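Q: quick check, what structure comes out for this input:
(one chain, ligands or ions: 1)
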Amino acid sequence: MKQVSITRRARFNAAHKLWNEEWDEAKNFEVFGKCAHPNWHGHNYEVHVTVRGIIDEATGYFINFTDLKAIINEYVEEPLDHRNLNMDVPWLKGKQTSVENLVIGIWEQIEPIIATHGCTLERIRLYETENNYADYSGES
Ligand code: NI
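A: Predicted coordinates:
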């Protein structure tokens with residue numbers, strides 16, 4: 001059985017701030033730099049969702065790109081686009097809104113849904129900027 005991976009890309013824009021309440025202002029700025037700006041800042045995020053499965057001979061694919069698009073829209077773009085990641089996203093409450101935590105959170109949102117489509121979530125790549133991104137492939 002040949003397995004293939006497919007990837008769907010989506011984009012969202014969101015605001016955030018990196019800040020640790022346990023530290024004073026000076027330490028926050030020392031550690032987080034301009035990401036600690038008190039009045040927030042935004043990023044144009046880009047997420048790449050890679051799914052792996054066995055091709056169904058009748059269709060030639062294992063998940064319809066339209067279904068994958070709909071999942072990403074419902075669980076990633078709708079809850080995150082034009083939001084404040086620190087304040088508006090329940091699954092980020094109490095966590096730093098770093099690209100690392102965000103990519104894990106997105107994985108946890110969509111992995112169970114992808115599994116119901118008979119395929120496997122292989123990797124999520126999340127770009128915070130053009131040059132900086134995080135990859136997550138689940139726990140292993
Ligand atoms: Ni930032």
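Q: residue boundaries of the helices in this structure?
A: 25-32, 65-72, 78-80, 85-88, 99-115 (DSSP state H).
Q: mind listing what's buried along the shortest one?
A: By 16 or more other Cβ atoms under 10 Å, the buried positions in helix 78-80 come out as Pro79, Leu80. Yep, even glycine has a C-beta here, placed from its N, CA and C like the rest.
Q: let me see the contact set for the residue lying closest to Lys69 once chain neighbours are set aside.
A: Using Cβ to Cβ, 6 or more residues apart in numbering and skipping residues adjacent in sequence, the residue nearest Lys69 is Arg8, 6.0 Å away. For Arg8, the contact set (Cβ atoms under 8 Å, 6 or more residues apart in numbering) comprises His48, Val49, Val51, Phe65, Leu68, Lys69, Ile72.
Q: give me the beta-bridge partners of Arg8?
A: Val49 (DSSP bridges).
Q: with Thr120 instead?
A: Here Thr120, judged by DSSP bridges, has bridge partners Arg52.
Q: just the pLDDT for the residue sitting furthest away from the middle of the chain.
A: Most distant from the centre of the chain: Ala58, at 31.8 Å, with distances by Cα atoms, centre = their mean. Here the pLDDT value assigned to Ala58 is 94.
Q: what does the one 3 residues further on give?
A: At Tyr61, the model reports a pLDDT of 94.
Q: ramachandran coordinates for it?
A: Torsion angles at Tyr61 (phi, psi; degrees, to the nearest 10) stand at phi -140, psi 180.
Q: what about the residue lying closest to it once chain neighbours are set aside, how many neighbours?
A: The spatial neighbour of Tyr61 that comes closest, neighbours along the chain excluded (Cβ to Cβ, 6+ apart), is Ile55 at 6.3 Å. Neighbour count for Ile55, taken as other Cβ atoms under 10 Å: 13.
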